[in-house]
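Participant: let's see this in three dimensions:
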Amino acid sequence: MQCHAKTIRLDLIHPFRISREVSTYKENVLLSITDGEKTGLGEAAPSAYYGENATAVHDALARVPSLLGKNPFDLEDTGRRLQTHLPECASARAAVDIALHDLAAQRLGIPLYQFLGLNPDRTPTTSFTIAIDKPDKIRQKVHEAAEYPALKVKLGSEHDLEIMRTIREESDAKIRVDANAGWSVEQAIYMVQALAEFDVEFVEQPLPPDDLDGLRQVRAAASMPIMVDESVLMAADVPRLADCVDGVNLKLMKCGGLREALRLIHTARAHGLMVMIGCMIETSVAITAAAHLTPLVDYADLDGHLLIANDPYTGVTVQNGRLILPEAPGLGIKNIV
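Facilitator: Next comes the predicted model:
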């Protein structure tokens, strides 16, 4: 099998501000793997938060050809080799894993959800992200997201309650709050109590990732579920979180792809936790890959492709907020550039 990787610049429709950074564009890496007959596509969305960038992804992917077997269906064995030899770059592993799943399902002539044994009628609605901004921009973003029944609101600034009031003046959609580890324990306890008046569905990552005792305190003070994102990377992280939170947010770019995502989902279920699947800023390649897993989860936050102005692909679509999986073989994506 042969590999080819290229960097792509993704321009954001609006500046994307969270508690720790602001971005106007992202550089992702698209990967193709061919067996001579079919070509599978994958994507890496590197995150500086996890010490990754496009250069690091290319360096990691340069080692991939020697790690691939001759059979694209050897997904578990290949995954173990990738984890052993590329432990430092989860998004690169994800790109390879996604491309191999796309290739394998194409070889069988079936959509990826069918390859995984899942029911496409069970996909949930996706939330639409409202990043930190000034009130007038918040109003604009809420209006642009009017078709989505759930909003994921980024907090962790000095104006959190003002943002919440602005959104509630404009929308009665479900609100899911994500602080991106931007609060202290004291701030988080205050906020989960103050947020109760806004009918918040859950609060995600209120504290720094390793503050498990703090998470227990916040959970005890909250009237809504507490979820974590940055605290959980792979399935092995789930057990230590089971008595601290109510659910986990998995991302292909954090865990390294679909195989590990499946393990993470089942591990979380075994510990009685809710599961959400989220994303970075990604094209329809990675977003569609994640969407094929959504029949297994409670919540989806797969809007990364909706936040960019130059997505070169189409794949999963959204109707009244609900994710509609493509029926074509593999990921089911199409190049529109």
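
Participant: quick one: residues contacting Leu82.
Facilitator: The contact partners of Leu82, by Cβ atoms under 8 Å, 6 or more residues apart in numbering, come to 64, 67, 93, 96-97, 256. Heads up, the C-betas are built off the backbone N, CA and C, glycines and all.

Participant: and the gap between it and Glu37?
Facilitator: Distance, Leu82 to Glu37, by Cβ to Cβ, to the nearest Å: 23 Å.

Participant: quick check: pLDDT value at Asp133.
Facilitator: We have a pLDDT of 89 for Asp133.

Participant: and the one 5 residues further on, by the same measure?
Facilitator: With respect to pLDDT, Ile138 scores 93.

Participant: got it, and Val22?
Facilitator: 77.

Participant: what's the burial count for the closest residue to it other than its chain neighbours?
Facilitator: Nearest residue to Val22 in three dimensions, chain neighbours excluded: Pro15, at 5.6 Å (Cβ to Cβ, 6 or more residues apart in numbering). Pro15 has 13 neighbours, counted by other Cβ atoms under 10 Å.

Participant: hang on, Pro15 in a strand?
Facilitator: Yes. The assignment for Pro15 by DSSP: H, G, I helix; E, B strand; the rest coil puts it in a strand.

Participant: any idea how far it lies from Ile281?
Facilitator: Between Pro15 and Ile281 the distance is 12 Å, computed by Cβ to Cβ.

Participant: who touches both of the two?
Facilitator: Common neighbours of Pro15 and Ile281 (criterion: Cβ under 8 Å, 6+ apart): Ser23.

Participant: from start to finish, how long is stretch 11-29 in a straight line?
Facilitator: Stretch 11-29 has an end-to-end distance of 14 Å (criterion: Cα to Cα, to the nearest Å).

Participant: and it, what's buried?
Facilitator: For stretch 11-29, the neighbour count (16 or more other Cβ atoms under 10 Å) marks 12, 16-19, 26-29 as buried.

Participant: equivalent analysis for stretch 153-168, please.
Facilitator: In stretch 153-168, counting by 16+ other Cβ under 10 Å, buried: 153-156, 160, 163-164, 166-167.

Participant: where's the dip in pLDDT among the residues you listed?
Facilitator: Gly156 (90).

Participant: now the residue most central in space within the chain. Its backbone dihedrals?
Facilitator: Centroid check for the chain by Cα atoms, centre = their mean gives Cys279 as the closest residue, at 1.8 Å. When read as degrees, to the nearest 10, the backbone of Cys279 gives phi -160, psi 170.

Participant: distance check, it against Ala45.
Facilitator: Cys279 sits 8 Å away from Ala45 when distances are taken as Cβ to Cβ.

Participant: ok, now Gln83?
Facilitator: Taking Cβ to Cβ, one finds Gln83 at 19 Å from Ala45.

Participant: just checking the distance from stretch 223-238 to the centre of its chain.
Facilitator: Centroid separation between stretch 223-238 and its chain, computed with Cα atoms, centre = their mean, to the nearest Å, is 13 Å.
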